[in-house]
Each structure stands twice: as C-alpha cells, then as structure tokens.
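Colleague: starting from these lines, generate the structure:
(chains A and B)
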There are 2 protein chains.
Amino acid sequence: MKAGPDCYLCIRKLILRTSSLSTDDEKVLRRSRKEALDLLRKEFSDETVPAQLSTKLLRFLKYATGCPNPFEEIKRQEIDFAKKLVRDIRKPPQDFRSLVEYSAIGNTLDFFKKPESLLETVGRFPGFAKDEISKVAGKLSSVKRILFLADNAGECFFDIPLVSFLSKRAEVTYVVKGSAVQNDITYDDLTYAGLANRIGRVISTGDDAVGIDIKTASKELLQELIFSDLIIAKGMGNYETLSELPACGRTFHILMAKCRPVASSLQTNINSYIAILR
Amino acid sequence: MKAGPDCYLCIRKLILRTSSLSTDDEKVLRRSRKEALDLLRKEFSDETVPAQLSTKLLRFLKYATGCPNPFEEIKRQEIDFAKKLVRDIRKPPQDFRSLVEYSAIGNTLDFFKKPESLLETVGRFPGFAKDEISKVAGKLSSVKRILFLADNAGECFFDIPLVSFLSKRAEVTYVVKGSAVQNDITYDDLTYAGLANRIGRVISTGDDAVGIDIKTASKELLQELIFSDLIIAKGMGNYETLSELPACGRTFHILMAKCRPVASSLQTNINSYIAILR
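Modeller: Reported below is the predicted structural model:
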C-alpha cells in the first residue's frame, strides 16, 4: 500500500511521540527529532509505503536517542489492561467466525489511542465492513500450516482463542517481532503476558520492522511465508507491507482500518473492521 | 509430488551413475554405492519427495567419494552440443507461445539420455499435453518481477530467447544452482556457455538441491520467491519440489514429463510436454 496525504502527518506524529518516549535529555530530543523530521521531508513521496518509512525513522530514533524500546512501559500497561479485560468479559463462542471477531476486537488496541477504547468495542462489535470469513472457513479443512502474524502487545489475549481453535486443525506458528518496534508484541512481551508457553510454536520476524519486511526478516520467517497454506495477518502494518507483495489468495487480513489511507486502500470507512483474503 | 513405485529404481540408477562418474577407485566406488543404496532402502517410502531424497543421496556421494562435480564433463558436452544445435536451427518466431515451446524443447535434455535426443524434437515439437500458456500470456501485462528457475546445463540456450522477450516487459532474474547437482546449470556452466553476461540478472539458489529446497536455499532466493509475480519453473526437479508448497497461481511449470511418476502426478502421458500455471 502506498502513502496517502494523511500519512505524512501521521508519521510526523509517530516521530514526536517516539522521540518523547525515548529520552529525557532535551538536547538529544531536539536534535533527534529535527533529524528525523528532515529525513521524513526528504524521503516522503507518493511511492512511500508508510510502514517501510516508519521502520526507517524508528530505527533512526533508536540510533539517535540510544533507546531500544521506547514503548516498553506502554506495552506493559496495554498487556496488563488487556489481561484484566479478557478475564472479566464473556468468552466468545468456539466457532471460527466468533473467534475471528474476538481477534479483530483485540486489534482495536493502538498506541495512539487509550487502551480503554477497547472497552467500547467489547460487547458491541459492529461487524466487518469487508467480510470474507466464510471463504477462509471453507479452506480450513485443507489447510495444513498456518502462520499467524501478530500485531499489538495486548492483542495476544484476543488471538489466543483463535490460535487454540486452529491448532486443533493444523500446525500454527505465532509470529512476534524480533525486537521492539512501536507497541508490537515481541517474545519478551509474550512472556510478560504469561502466554509464551501457552500459544504453541512461536517464532520471531527476526527484525524490528513495522509489518513484514522481506529484506530484513529472518530466513525462518521467509521459509514459513513460502510454506504456509494460510497466513493470518493482524493489523495495519502487516496489511501495508504484505499488500506490496503478489496476492496469492492465502493471506487472511484481520484488522481495524484506523486511518484514512488504509481505509481508502481497502475501499471502506475509517474505523471499520476488515476480514479479507488476499 | 510424492514418489511412485518407479522412483525407487530411478534413484537407484542415479546412485549407480553418479558414483561411477565420481571416482575411479574401485574400493571407494563399492563402499559409497553400498552405503548410498542402504540409505535409499532405509529412507524410501510413499511419503518420499523423490527430488528431496535424490538431493540427500547426491550429497552423500559427494562426501563419500570426495567428488564435488561428477557431471562436469557431461555438462560441458551438453553445453557444447546445445550451443552448436541452436546455431544451426531456425530461430523461433518472437511471440510468447513460440518462445515457451522453444524453452520446453530445451528441457528434452536429460542426463539419462543422449543429447542427440534433442535433435528429434527440434523442428517437430508435438505440442503441449497440458497447455495454460494463454492464461500466463494474459497475466504478463500486470507482471513486474519474474523469477526464472533454470534446469539442465545445455537448456540455457533454449531459455535465452524467452528471457529476452520477458525482460522487455518485466524485471527477470535467472536462477542457477549454487553448486553442482546432476547436470543442472550453475554459474560456472553459464559462464562456460558464454551467457553469464547475456541473460540479465542472475542469482543462485545458494545450494545444491535437486529442484528447490526452501530449507537450504539462500535468503536471496527466498525473498525472490515471495516477491515475484511470476515464477517460471523449468523441469521435473522444480515441479517435484515446488508442488509440495501451496499453489499460488503464479508458478508456470514448463517441462517434459520424462518419467511415469511425474506424468501421472500431472495426469498426462510419459514424454509429454507440459505448460501449467500452479
């Protein structure tokens, strides 16, 4: 997916937020921000894949501020919040559609929003604006290997019932980030959430890219991307990056379209929930 | 593709032929053959992917005989023969279908056959028993990146007109083997053929597997397999191995079905020519 006009302001906001979280040193903050904003101005064009430019800028900020994991505290809060929330709410019925819905609700979490926004969705899910769940359900009986590309840290609690359901039918591999990027889940976060040994096979992308970057991803992930019959890709970052690759009819995107460019690329309204097979 | 009953005898023949070409030392020959045949008996089952077991046995023979490139001389002869042949025969018309045919004729070459068998095909091509060329032609206008998985050493002369045609429309990458396996083409062979600088971008699989083995292939090849809109896969080894991966509708297999198990997997007759999109 290529950038829309809103992407510039959004990536700018990402730079401001990430740099603030990365350092208390005013001088470092000012300089790293300035250089990151210069880089953004220089590199942004209609051909930008927003997730790829964000990856570049987030890596620059790690280097310039010396902070490898600026969202650490936010991720822990998000995990604590989601853990408590799923304990209190009614569990979804154990059919595929309900479990996809539940997993999609988890994608409401976003590091630009307060985790409480999730509360509004739980219990009154508005349905999917694009819905190809039955198409995917129809493929399940012939699927042998499923790759599950995770997204936000707290979201894992909403994925685990779907992963458990699928694990009874196929080999499922849950994919976390290799190192910190935004509020995306890493193996450390999964361990903090208490799920590292409860979600089956887990591998990492091997890098710290927003979404999937096949240039820097681990060989293990590339092998799984080639070998899996079904790829479940949560969230916008995975949509933005994987939609640049050829469509093979085996990538099941589950996400909330939280911004105009993604919504427009998906020909839907902002804040819609999407479940499409690409 | 899984093994049929004929595969056992064929792999046995491969062991006998390869070991003969690998050493003149009677003792080494006897021992390496015996151990390879023991391994074949032990490992062969209905679940065998014939190309994968061949890879394993060919690697064993390299180790046991100390010969890294037993088919070197045969490949050079094959290249010399094919080079001379294409110089003498009428060039194919420059339309996609004719160029695919020409490339398929090149796949007649086989290290179990005399190169002269190619002569019988040139000029009186029997047509494709399975023909999805027009389906592929219809996709060409939207294709940006093409991966061309080469096969036998002499075959490159029959591929080059097709590669040139496609290079005018998309970025084409020609893939040779990373190191010697059977009579498959390597970068050294391509150089010997005089085509290394005439066929555009060339990469190697990074290994010495029959067909494609995603476990041992280079990261570069894995990236290209994910990123390419169209994968042209020549020959049986590529069919045997890639048909074990999920079908994505972007792999164009061009081959002669030289044995019963491959022909039967493709629901065709032995020695048919095949051009299918999988």
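Colleague: what about stretch A:66-79, start to end distance?
Modeller: 25 Å (C-alpha to C-alpha, to the nearest Å).
Colleague: can you give me the buried ones in that stretch?
Modeller: Buried residues in stretch A:66-79, counting neighbours by 16 or more other C-beta atoms under 10 Å in any protein chain shown, are found at A:67, A:69-72, A:74-75, A:77-79. (Glycine included, C-beta is placed from N, CA and C.)
Colleague: how far does the helix or strand hosting A:Ala263 sit from its chain's centre?
Modeller: Assigned by DSSP states H and E, A:Ala263 belongs to helix A:260-265. Relative to its chain's centre, helix A:260-265 lies at 16 Å (C-alpha atoms, centre = their mean, to the nearest Å).
Colleague: with stretch A:64-71 instead?
Modeller: How far stretch A:64-71 lies from its chain's middle: 20 Å, per C-alpha atoms, centre = their mean.
Colleague: so which residues of chain A form helices?
Modeller: A:5-22, A:26-43, A:50-65, A:72-88, A:96-106, A:117-121, A:133-139, A:156-167, A:187-192, A:219-227, A:235-242, A:260-265 (DSSP state H).
Colleague: by mean pLDDT, show me the worst of those helices.
Modeller: Note on those: lowest mean pLDDT is at helix A:117-121, with a mean of 76.
Colleague: who are the packing partners of it?
Modeller: Helix A:117-121 sits against helix A:72-88, helix A:96-106, with contacts defined as 3 or more C-beta pairs under 8 Å, 6 or more residues apart in numbering or on different chains; DSSP states H and E.
Colleague: show me what counts as buried in it.
Modeller: For helix A:117-121, by 16+ other C-beta under 10 Å, it's A:118, A:121.
Colleague: picking that back up, hey, which of the helices and strands packed on helix A:117-121 is tucked in deepest?
Modeller: helix A:96-106 (a mean of 22; mean count of other C-beta atoms under 10 Å in any protein chain shown).
Colleague: and the angle for that helix with helix A:72-88?
Modeller: The directions of helix A:96-106 and helix A:72-88 differ by 140 degrees, with axes from the mean of the first three to the mean of the last three C-alpha atoms, to 10 degrees as the criterion.
Colleague: contacts for helix A:96-106?
Modeller: For helix A:96-106, contacts defined as C-beta atoms under 8 Å, 6 or more residues apart in numbering or on different chains pick out A:82, A:92, A:118, A:121-122, A:125, A:128, A:133-134, A:136-137, A:140, A:152, A:154-159, A:161-162, A:165, A:234, A:254-256, A:273, A:275.
Colleague: what's in contact with stretch A:10-30?
Modeller: For stretch A:10-30, the surrounding residues in contact (C-beta under 8 Å, 6+ apart) are A:32-33, A:36-37, A:40, A:44, A:50, A:53-54, A:57-58, A:61-62, A:64-67, A:70-71, A:73-74, A:111-112, A:182, A:259.
Colleague: identify the residues contacting the closest residue to A:Thr173 other than its chain neighbours.
Modeller: Leaving aside its sequence neighbours, A:Thr173 sits nearest to A:Arg201 (C-beta to C-beta, 6 or more residues apart in numbering or on different chains; 4.7 Å). A:Arg201 makes contacts with A:171-174, as judged by C-beta under 8 Å, 6+ apart.
Colleague: show the model's pLDDT score for A:Arg201.
Modeller: According to the predicted model, the pLDDT of A:Arg201 comes to 97.
Colleague: ok, now the one 4 residues further on?
Modeller: We note a pLDDT of 98 for A:Thr205 in this prediction.
Colleague: how about the residues of chain A that lie near chain B?
Modeller: A:214-215, A:219, A:222-223, A:225-229, A:245-246, A:248-250 (C-beta under 8 Å from any C-beta of the partner chain).
Colleague: repeat the analysis, applying 7 Å as the threshold.
Modeller: Selection of chain A residues close to chain B by C-beta under 7 Å from any C-beta of the partner chain yields A:214-215, A:219, A:222-223, A:225-227, A:229, A:245-246, A:248, A:250.
Colleague: tell me which two in the residues you listed are the farthest apart.
Modeller: With C-beta to C-beta as the measure, no two of the residues of chain A next to chain B lie farther apart than A:Lys215 and A:Asp229, at 24.4 Å.
Colleague: when the two are compared, which one has more neighbours?
Modeller: Shown here are A:Lys215 and A:Asp229; by other C-beta atoms under 10 Å in any protein chain shown, A:Asp229 has more neighbours (18 against 10).
Colleague: doesn't B:Pro246 make contact with the more buried one?
Modeller: Yes: contact criterion C-beta atoms under 7 Å: A:Asp229 and B:Pro246 qualify, at 4.8 Å.
Colleague: give the residues shared as contacts by these two.
Modeller: A:Arg250 (C-beta atoms under 7 Å, 6 or more residues apart in numbering or on different chains).
Colleague: what's the burial count for A:Val202?
Modeller: 18.
Colleague: A:Asp46 now?
Modeller: Other residues close to A:Asp46 by other C-beta under 10 Å number 9.
Colleague: need the per-residue pLDDT for it.
Modeller: pLDDT at A:Asp46 comes out at 93.
Colleague: same check on A:Gly123?
Modeller: Each residue has a pLDDT score; the one for A:Gly123 is 75.
Colleague: quick check: nearest residue in space to it, chain neighbours excluded?
Modeller: Among residues not flanking A:Gly123 along the chain, A:Ile89 sits closest, at 7.0 Å (C-beta to C-beta, 6+ apart).
Colleague: surely the one you found and A:Thr121 touch.
Modeller: No: A:Ile89 is beyond contact range of A:Thr121, at 10.7 Å (criterion: C-beta under 7 Å).
Colleague: on that earlier part again, list only buried entries from the contacts of helix A:96-106.
Modeller: Using 16+ other C-beta under 10 Å, the buried ones in these are A:82, A:92, A:118, A:121-122, A:128, A:133, A:136, A:152, A:154-159, A:161-162, A:165, A:234, A:254-256, A:273, A:275.
Colleague: any idea how far B:Leu222 is from A:Ser218?
Modeller: Distance of A:Ser218 to B:Leu222, given as C-beta to C-beta, to the nearest Å: 10 Å.
Colleague: show me which of the two is the more surrounded one.
Modeller: Shown here are A:Ser218 and B:Leu222; by other C-beta under 10 Å, B:Leu222 has more neighbours (22 against 16).
Colleague: now do the same end-to-end measure for stretch A:85-95.
Modeller: 21 Å.
Colleague: roughly how far is that stretch from the heart of the chain?
Modeller: Distance of stretch A:85-95 from the chain centroid (C-alpha atoms, centre = their mean) equals 21 Å.
Colleague: any residues touching it, and which ones?
Modeller: Contact with stretch A:85-95 is made by A:98-99, A:101-102, A:118, A:122, A:157-158, A:161, A:165, as judged by C-beta under 7 Å, 6+ apart.
Colleague: same thing with stretch A:113-129?
Modeller: Contacting residues not belonging to stretch A:113-129 are listed as A:77-78, A:81, A:85, A:89, A:101, A:105, A:108-109, A:154, A:268-269, A:272-275 [C-beta under 7 Å, 6+ apart].
Colleague: now A:Glu43. Nearest residue, chain neighbours left out?
Modeller: Per C-beta to C-beta, 6+ apart, closest to A:Glu43 is A:Leu53, 5.9 Å.
Colleague: no further queries at this time; thank you.
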